[in-house]
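Q: need a structure here:
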Amino acid sequence: MKKLKIFISSVQNEFAEERMQLARYFRHDPLMGSFFEPFLFEEVPANTHSPGKVYINEVVDSDIYIGLLGETYGYEDSEGISPTEREYDQAKNKHLPRWIFIKDMKGIERHTKESAFIRKIEQDVSRKKFSDIESLKEAVFSSCVWFLKQTGKIESHDFDDSLHPTADFKVVDENKIREFVSIARKKRNFPLRDTASVEKVLTHLRMTREGKLVNSALLAFAPDPQLYFPSSTIKCAHFHGVHVQKPIPDYKEFGGTVFEVADEAVDFILSKLNLSTGTRDISNQVDTIYEIPRAVIAEAIINAVAHRDYYSKGSIQVSVFRDRIEISNPGSLPPELDIADLKVPHSSYPHNPLLAGCMFLTGDIERYGTGTLEMYKLMNERGLKPPLIILDEGFKLTIWRPSAVTIHDTIHDTIHDETTNSYDANVTYIDIAVLAQRLVMIIENEMSRVHLMDALELRNRSHFVKNYLEPALADGFIEMTLSGKLKSQHQKYRITLKGIELKNSLLARASSQKQFDGEINKTFNDYITDQVTDQVTDQVTDQATDQATDQGTDQADELVKRLLMVLSKSQSRQELMQILDLRHNPNFRENYLKPALEAGFIEMTDPDNRFNPNQQYRLTEKGLTLKQLLENKK
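A: Predicted coordinates for the structure are as follows:
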């Protein structure tokens, strides 16, 4: 059997020891040595070919690319590109599997180009961190085993297809099986009836083997899957700001089957999103009442549940911030795909094919390989920023809320990916934190529980009853049409006089908020428009000026506002960057500091000595006025 050639790429001087140790590991480990042969440039004998030609040819001739990245960028050619980056680009062009390992540089600042190279890689493939030789070997070994399993070179079963050592058919909840069959028959014409035995249904779903249950059967149909897989939960947290800060206003950890945890996580996120009111001028029924379409949220959660690595001890984590929602799971893209593939039609390679099959039958997964495409489409249609995917110690998806005018700097310290549509100015989104009050906004005439849940796009009945319906009844905002018969199948609900008063109050608040937002944005945008127009006048035509002005306005607006909100006294550049969680000096200087100074919102404490190492910045009267307006808005 021909061995797979692995090209080891890095700055040679910085990683001389790691390179030799890896090569030795591949050649002497019984498993690694059976399948892989490493290539090191320093082992090539002297010849008449240029080094650049040699290493590019070797990349082309390789089967796998390994990149080690650390502090330095390395030698730069006439175009300012290092051999390591050239090798990576060639591997990408040849569609080779690319395994990237980044050394943890605690307390040491990376070369600017090395940091930029890492950010570039983040857009393509996942990456792992290492701190020493042993942790590097462990990470490389995991990648090798994963690759051998995926390519069929060693026999293995996926997690969801692996037999559970102790569970038997008695632990399966028959009612959950019946409910699944009923839904699957409606959604996908599932051939079995709900009278079929548990064993027959599970056998049809390929969730049994050798008369025993596989793991996916427990995740989908056990009364308490966490008894077998404690980390198969979803941890959800809500933060008022844009950073992780204590105390946490709301934290929940959801357990249950894959269907239950997905529904509860989606409902949790929806409960933190703002609601629309403006479209009621057109119709009493609002198609999408949330600031982010429910389908986007649901797709993100379902993807995390279906494609996560269940061997990992980590749980799926959901963080709802003021400007974004982050959904992280212990998983990665399959070797066949990179991030760019998710934005175009692509094949599906589920990590847990049996679970994905179940979720397809229930309609949670609409069509294989289309989920991320639909997310990008829906966000674009609503004029929202496209989702951002980061592959760093797992799979993290960021969904931007309307308040996120620019990509969040804690992720990239860069600005990109403008959307093509503008947000609907006729729709005002208001924050209704009390969930019971949300019923008041959507109830029309007499509505059943099912219709109320549909209007709020909720799926979890117990969550709805506990957090919406019962509190709204207790507060007197709504009432039952059949008094005292809460569980009657004919029961409906209607708004009370107290509820009508609350609804009018909420609508008035929304109208006031819309007017206030317009005043602030007009004042701020007038300034930004003038600034950007001045900067581009000498560089572009009148048409391009208009376009650049619009884009620059959106980009600079939110960043300067963020700076003003954190500036409370005389503070240094380093202090401000730390508070804003930024690490890229040029980005902070050009997109935060400079526009705020030019607008007159902040000033230097030593304006005559711009490069004073003790230079600090403070709010001007103009900046203080705007900050107070923004705080009042909150």
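
Q: show me the shaky parts of the stretch 401-550 of the chain.
A: Applying pLDDT under 70 to the stretch 401-550 of the chain flags the ranges 405-428, 512-550.

Q: all the strands of it, residue numbers only.
A: 429-430, 478-480, 493-495 (DSSP state E, counting those that start in this stretch).

Q: let me have those strands in CSV, extended by mean neighbour count and distance to residue 391.
A: Any C-beta I mention is one placed from the backbone N, CA and C, and that applies to glycine too. What follows is those, written out as CSV (neighbours: other Cβ atoms under 10 Å; distance: least, Cβ to Cβ, whole Å):
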stretch, mean neighbour count, distance to residue 391
strand 429-430, 20, 31
strand 478-480, 17, 46
strand 493-495, 19, 46
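
Q: what are the phi and psi values for residue 80?
A: phi 80, psi 20 (degrees, to the nearest 10).

Q: ok, the nearest residue to it once chain neighbours are set aside to residue 627 distance?
A: Of all residues not flanking residue 80 in the chain, residue 113 sits nearest, at 7.8 Å (Cβ to Cβ, 6 or more residues apart in numbering). Here the distance between residue 113 and residue 627 works out to 37 Å (Cβ to Cβ, to the nearest Å).

Q: higher neighbour count, the two?
A: residue 627 (19 against 16; other Cβ atoms under 10 Å).

Q: could you look up the SS state of the more buried one?
A: With DSSP: H, G, I helix; E, B strand; the rest coil as the basis, residue 627 sits in helix.

Q: contact partners for the residue nearest to it when sequence neighbours are not counted?
A: Spatially, and ignoring its direct neighbours in sequence, residue 627 is nearest to residue 564 (4.8 Å; Cβ to Cβ, 6+ apart). By Cβ atoms under 8 Å, 6 or more residues apart in numbering, the residues touching residue 564 are 596, 601, 602, 619, 623, 626, 627, 630.

Q: what distance do you get for residue 564 to residue 66?
A: Applying Cβ to Cβ to residue 564 and residue 66 gives a distance of 45 Å.

Q: quick revisit: dump the strands of the stretch 401-550 of the chain to JSON lines, plus distance to residue 445.
A: JSON lines is the format used below for these (distance: least, Cβ to Cβ, whole Å):
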{"stretch": "strand 429-430", "distance to residue 445": "23"}
{"stretch": "strand 478-480", "distance to residue 445": "12"}
{"stretch": "strand 493-495", "distance to residue 445": "7"}
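
Q: residue 136 is nearest to which of these?
A: strand 429-430 (47.4 Å; Cβ to Cβ).

Q: same for that closest one, what does it pack against?
A: Counting contacts by 3 or more Cβ pairs under 8 Å, 6 or more residues apart in numbering; DSSP states H and E, strand 429-430 packs against strand 275-276, helix 497-536.

Q: and residue 508, how many neighbours does it have?
A: 10.

Q: likewise residue 470?
A: 13.

Q: going forward, the N-terminal residue is numbered 410.
A: With 410 as the first residue, the last one maps to residue 879.

Q: and it, what does it touch?
A: Counted by Cβ under 8 Å, 6+ apart, residue 879 has zero contacts.

Q: could you do residue 563 as well?
A: 554, 557.

Q: against residue 444, how distant is it?
A: 8 Å.

Q: overlap of the contact sets of the two?
A: Joint contacts of residue 563 and residue 444 (Cβ under 8 Å, 6+ apart) are residue 557.

Q: check the gap between residue 638 and residue 487 for me.
A: Taking Cβ to Cβ, one finds residue 638 at 55 Å from residue 487.

Q: more neighbours: which of the two?
A: Comparing residue 638 with residue 487 by other Cβ under 10 Å, the one with more neighbours is residue 638, at 18 against 5.

Q: sec struct for that one, please.
A: Assignment for residue 638 (three-state DSSP): coil.

Q: let me see the backbone angles for the nearest residue to it once chain neighbours are set aside.
A: Counting by Cβ to Cβ, 6+ apart, residue 638 lies nearest to residue 719, which is 6.3 Å off, once chain neighbours are set aside. Backbone torsions of residue 719, given as degrees, to the nearest 10, read phi -80, psi -10.

Q: is residue 719 in contact with residue 570, as I believe?
A: No. Using Cβ atoms under 8 Å, residue 719 makes no contact with residue 570, being 11.3 Å away.

Q: spit out the residues that contact the two alike.
A: With Cβ under 8 Å, 6+ apart, residue 719 and residue 570 have common neighbours residue 624.

Q: which one of those two has more residues nearby?
A: More crowded of residue 719 and residue 570, by other Cβ under 10 Å: residue 719, with 21 against 17.

Q: can you pull the contacts of the more buried one?
A: 568, 569, 624, 628, 638, 640, 641, 761.

Q: residues near the nearest residue in space to the last one that is not next to it in sequence, how many?
A: The one in question is residue 761. Leaving out its chain neighbours, the residue that sits closest to residue 761 by Cβ to Cβ, 6+ apart is residue 569, at 4.1 Å. Neighbours of residue 569 under the rule other Cβ under 10 Å: 26.

Q: and for residue 506?
A: 21.

Q: look at the residue nearest to the spatial centre of the chain and tell me its secondary structure.
A: By Cα atoms, centre = their mean, the chain has its centre lying nearest to residue 806, at 1.4 Å. On the three-state scheme (three-state DSSP), residue 806 is labelled strand.

Q: ok, what's across the strand from it?
A: residue 736, residue 798 (DSSP bridges).

Q: so it makes contact with residue 788?
A: No. Judged on Cβ under 8 Å, residue 806 makes no contact with residue 788 at a distance of 11.6 Å.

Q: quick check: neighbours shared by these two?
A: Common neighbours of residue 806 and residue 788 (Cβ under 8 Å, 6+ apart) are residue 796.

Q: who are the neighbours in contact with residue 718?
A: Contacts of residue 718 by Cβ under 8 Å, 6+ apart are 568, 738, 739, 740, 741, 760.

Q: and residue 608, helix, strand or coil?
A: Per three-state DSSP, residue 608 ends up helix.

Q: leaving out the residues flanking it, which one is nearest to it?
A: residue 578 (5.9 Å).

Q: ok, the one you found - how many residues close by?
A: Residues near residue 578, counting by other Cβ under 10 Å: 15.

Q: check contacts around it.
A: Here residue 578 is in contact with 607, 608, 611, 622 (Cβ under 8 Å, 6+ apart).

Q: quick one on the thing from earlier: so the residue nearest to residue 761 makes contact with residue 625?
A: Yes. Using Cβ under 8 Å, residue 569 is in contact with residue 625, at 3.6 Å.

Q: just the strands in the stretch 660-809 of the chain please.
A: So, for the stretch 660-809 of the chain - with DSSP E, counting those that start in this stretch - the strands run 684-685, 725-729, 733-738, 797-800, 804-809.

Q: ok now the third one, how far from the chain's centre?
A: The offset between the C-alpha centroid of strand 733-738 and the centroid of the whole chain comes to 4 Å, using Cα atoms, centre = their mean, to the nearest Å.

Q: neighbouring contacts of it?
A: 651, 678, 701, 706, 709-710, 713, 716-718, 723, 725-728, 803-810, 813, 817.

Q: can you check stretch 975-994 too?
A: 524, 652, 818-819, 822-823, 971-972, 997-998, 1001-1002, 1011, 1014, 1023-1028, 1032, 1036.

Q: domains for this structure, by residue range?
A: 413-559, 568-636, 643-821, 841-904, 932-1042 (automatic domain parsing).

Q: just name the shakiest helix or strand of this protein by mean pLDDT.
A: helix 818-821 (a mean of 36; mean pLDDT, DSSP states H and E).

Q: before we move on, back to that, just the pLDDT for the residue nearest to residue 489.
A: For residue 522, the model assigns a pLDDT of 93.

Q: same question, the one 10 residues further on
A: Reported pLDDT at residue 532 in the predicted model: 78.

Q: do the same with residue 700
A: On the pLDDT scale, residue 700 gets 89.

Q: what do you get for residue 685?
A: 76.

Q: I'd say it and residue 698 touch.
A: Yes. Assessed by Cβ under 8 Å, residue 685 is found in contact with residue 698 at 5.3 Å.
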